[in-house]
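Undergrad: fold the following for me, if possible:
(one chain, ligands or ions: 3)
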Amino acid sequence: MRTVHSLKELRTILRGYRLQDKTIGLVPTMGNLHEGHISLVRKACEAADVVVTSIFVNPMQFGASEDLDKYPRTLADDQEKLEAAGNTLVFAPSIDEVYPEGLAKQTQVVVPDVSDGHCGGSRPGHFEGVATVVTILFNMVQPDIAVFGEKDFQQLAVIRKLVQDLCIPVEVIGAPTVRDEDGLAKSSRNSYLSEEERHIAPVVYRTLEDTARKLGDGRSDFPALENEAKNALIQAGLRPDYLNIVNSDTLKPATSEDTNLTVLAAAFLGTTRLIDNVTMTRGDLAKRNS
Ligand SMILES: Nc1ncnc2c1ncn2[C@@H]1O[C@H](COP(=O)(O)OP(=O)(O)OP(=O)(O)O)[C@@H](O)[C@H]1O
Ligand SMILES: CC(C)(CO)[C@@H](O)C(=O)[O-]
Ligand code: BAL
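TA: Ligands and ions are numbered 1, 2, ... in the order given. Take a look at the predicted model:
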């Protein structure tokens, strides 16, 4: 497995693979890799001949008071894990390689509507940063397929819309959320949690599951359900940022006619912001429970 830092080198290597008619898969990450990321790499290996994992902590998607500076950077460890997973090429560009004229002069990609609310509401400019860097990475790598995690549910919806609206010739593949045994979604930011916070953190997933169960039991009083869930988070010592029951396709507030529902949440535990979601089809859970 090779690691390259420059676009020129990346393009030279990828040109060689294309001449051999190899298909190319891309897994965009911000590094500090865990089993969640590795599951994406494995999925990409199943779908493409050559897999490029990018590692780039993208300053454009961080707010001024967010954790850009302390975000964990662990390239050597990441390389070992990627090699073991069958990854072909690591692309770890510098900020100058991605934004040669600086952020202030950077063309931005805005994906309206689906970026609104949820994480987009709490992190102004975040999805413009994500959409811009993902577009740049797509243009740099020109992959046939790209794999993203469902843990970042709204991000996946933004990227699907971006690809559709800009006719980008890449197949976007979603991958299920990988969790610790107690249900906590694996995330680089889990490393910020103290021992005590780590015990509390699985309450996020448990609360989402509990809400999905109530929806499966036929409840349609969505605002009341959202409040019950937020109260459960508060009781456990979390500070909910949002907890929304939405139509899984549009990400708009759920209606009683919707069959595919997603419960999306972000909550602070101390200064750490955790996100998670659970998708359910109305009827499924009721059947399972009967
Ligand atoms: N637990 C997980 N299961 C499956 N995919 C995941 C998981 N965590 C992250 N991913 C996916 O990995 C890709 C890169 O995400 P990223 O590098 O931000 O990791 P992260 O652990 O989510 O970090 P953060 O703590 O910043 O949210 C994204 O497509 C994301 O959805
Ligand atoms: C897709 C992504 C790599 C873009 O920086 C990032 O938002 C992430 O890690 O989910
Ligand atoms: N996993 C999404 C990247 C971010 O929180 O900025």
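Undergrad: from now on I want contacts and neighbour counts done on CA atoms only, so please keep to that.
TA: Fine.
Undergrad: can I get stretch 234-250 in CSV? Just the C-alpha atoms.
TA: The C-alpha coordinates for stretch 234-250 follow below in CSV (Å, rounded to 0.1, in the frame of the first residue of the first chain):
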residue,chain,number,x,y,z
ILE,A,234,-31.1,15.2,29.9
GLN,A,235,-31.9,12.7,32.7
ALA,A,236,-28.8,10.8,31.8
GLY,A,237,-26.6,13.9,31.9
LEU,A,238,-26.5,14.7,28.2
ARG,A,239,-27.4,18.1,26.6
PRO,A,240,-29.5,17.4,23.5
ASP,A,241,-28.6,19.6,20.5
TYR,A,242,-31.5,18.3,18.5
LEU,A,243,-33.6,15.1,18.3
ASN,A,244,-35.8,15.0,15.3
ILE,A,245,-38.2,12.3,13.8
VAL,A,246,-38.0,12.7,10.1
ASN,A,247,-39.0,11.2,6.8
SER,A,248,-35.9,9.1,5.9
ASP,A,249,-35.8,10.3,2.3
THR,A,250,-36.6,14.0,2.6
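Undergrad: can you pull out the residues in contact with stretch 186-204?
TA: Contacts with stretch 186-204, where a contact means Cα atoms under 8 Å, 6 or more residues apart in numbering, come from 32-36, 71-72, 177-180, 182-184, 233, 236-237, 265, 267, 269-270, 272-274, 276.
Undergrad: hmm, 6 Å instead?
TA: With Cα atoms under 6 Å, 6 or more residues apart in numbering as the test, stretch 186-204 has contacts from 179, 183-184.
Undergrad: also stretch 267-278?
TA: Residues contacting stretch 267-278 (Cα under 6 Å, 6+ apart): 151, 238-241, 262-266.
Undergrad: before we move on, what about stretch 69-87?
TA: With contacts defined as Cα under 6 Å, 6+ apart, stretch 69-87 is touched by 32-33, 51.
Undergrad: repeat that with 10 Å
TA: Contact with stretch 69-87 is made by 1-3, 25-27, 30-35, 37-42, 44-45, 49-53, 55-57, 59, 62, 88-90, 92, 188-189, 191-192, as judged by Cα atoms under 10 Å, 6 or more residues apart in numbering.
Undergrad: do stretch 107-116 as well
TA: Residues outside stretch 107-116 that contact it (Cα under 10 Å, 6+ apart) are 60, 99, 120-122, 124-136, 154-155, 157-159, 161-162, 165, 249-252.
Undergrad: what about it, distance to the chain center?
TA: Centre-to-centre, stretch 107-116 and its host chain are 16 Å apart (Cα atoms, centre = their mean, to the nearest Å).
Undergrad: that one: which residues count as buried?
TA: 108-111, 114-116 (16 or more other Cα atoms under 10 Å).
Undergrad: and ligand 1, which of the contacts of stretch 69-87 reach it?
TA: Taking Cα under 6 Å from any ligand atom as the test, ligand 1 is in contact with 30-31, 37, 188-189 out of these.
Undergrad: got CSV for those residues, with distance to ligand 2, neighbour count and secondary structure too?
TA: Below are those laid out as CSV (distance: Cα to the nearest ligand atom, whole Å; neighbours: other Cα atoms under 10 Å; DSSP: H, G, I helix; E, B strand; the rest coil):
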residue, distance to ligand 2, neighbour count, secondary structure
M30, 5, 17, coil
G31, 8, 22, coil
H37, 9, 28, helix
S188, 9, 16, helix
R189, 11, 15, helix
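Undergrad: before we move on, the earlier item: among the contacts of stretch 69-87, which lie within strands?
TA: Counting by DSSP state E, the part of the contacts of stretch 69-87 found in strands is 2-3, 25-27, 50-53, 55, 89-90.
Undergrad: of the residues you listed, buried ones?
TA: 3, 25-27, 50-53, 55, 89-90.
Undergrad: closest residue of the stretch 1-150 of the chain to ligand 2?
TA: Ligand 2 sits closest to T29 of the stretch 1-150 of the chain, with a gap of 3.7 Å, by Cα to the nearest ligand atom.
Undergrad: so what's that residue closest to, chain neighbours aside?
TA: Once flanking residues are discounted, T29 sits nearest to I55: 5.1 Å by Cα to Cα, 6 or more residues apart in numbering.
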